[in-house]
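Asker: Quick one: sequence and predicted model below, then my questions.
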Amino acid sequence: MKLIILDRDGVLNQDSDAYVKSVDEWIPIPGSAEAVGKLCKAGYTVAVATNQSGLARGYFAETDLAAMHDKMIALAAEHGGEFAHIAYCPHGPDDHCDCRKPLPGLIHQIEQALSTSANGAWMIGDSIRDLEAGAAAGCQTALVRTGKGEKSEHKLTSHDSLSEAPIFNDLAAFVDWLIANN
């Protein structure tokens, strides 16, 4: 299985410092749904690993999150894409869970759900914590400049294990590069 794990906010949809709290606030990044379709058509299995502490903070409910994911799934499907699994951490930063990135728990959930190993898979994110979670699970990592990516890019050089991670303008650019090089 050729596995690709994507962060959600800042990779698939626009991020917000005030949290993405509703389906109306979930706005796709141009080209992201098409990129998921390209991955699937090229034989990749696509999963999502996303921190959603807005649940713990009471900013939105599980039904709101489900509606956002339904929109994300429908947009990807319009372009021939699908998500094999969506793993999310509903906890806050002080809950001491094992699933909140930068810990690799969400990636382990994906491994269990898909009965596969993420070792060697790609983890694509817009933050250092996304890449740290991927690296901890044995993934190859790549940063996108969308979302918090431009701010995160400057921090990559101080992380020995992440300093070689390729950087792309957005998910579509990563997907074009991946398909052209495989």
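Answerer: Cool, got the structure. All of these numbers come straight from a predicted model, not from anything done at the bench.
Asker: mind checking how far the lowest-mean-pLDDT helix or strand in the chain is from the chain centre?
Answerer: Ranked by mean pLDDT, DSSP states H and E, the helix or strand of the chain with the weakest confidence is helix 149-153, at a mean of 93. Put simply, helix 149-153 sits 15 Å off its chain's centre (CA atoms, centre = their mean, to the nearest Å).
Asker: before we move on, what about stretch 100-113?
Answerer: 11 Å.
Asker: where does Asp15 land in three-state SS?
Answerer: coil (DSSP: H, G, I helix; E, B strand; the rest coil).
Asker: Let me know the distance separating it from Pro102.
Answerer: The gap separating Asp15 from Pro102 is 17 Å, by CB to CB, to the nearest Å. Quick note: C-beta positions are derived from backbone N, CA and C, even for glycine.
Asker: for this structure, which strand is longest?
Answerer: For the chain, the strand with the greatest residue count under DSSP state E is strand 44-51.
Asker: what does the model give His154 for pLDDT?
Answerer: According to the prediction, His154 has pLDDT 87.
Asker: what about it, neighbour count?
Answerer: 8 (other CB atoms under 10 Å).
Asker: Counting neighbours, what do you get for His96?
Answerer: His96, neighbours per other CB under 10 Å, totals 8.
Asker: For it, give its distance to Gly105.
Answerer: 12 Å.
Asker: cool, and Leu55?
Answerer: For Leu55 relative to Gly105 (CB to CB), the value is 16 Å.
Asker: before we move on, the earlier item: Asp15 and Pro102: which has the busier surroundings?
Answerer: Neighbour totals were compared for Asp15 and Pro102, and Asp15 leads with 21 against 16 (other CB under 10 Å).
Asker: which residues sit in contact with that one?
Answerer: Neighbouring residues of Asp15 by CB atoms under 8 Å, 6 or more residues apart in numbering: 9, 126, 146-148.
Asker: Same list (those) but as TSV, adding pLDDT, secondary structure and distance to Ile110.
Answerer: As requested, those are exported to TSV (pLDDT from 0 to 100; DSSP: H, G, I helix; E, B strand; the rest coil; distance: CB to CB, whole Å):
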residue	pLDDT	secondary structure	distance to Ile110
Asp9	98	strand	17
Asp126	98	coil	18
Thr146	98	coil	22
Gly147	97	coil	20
Lys148	96	coil	22
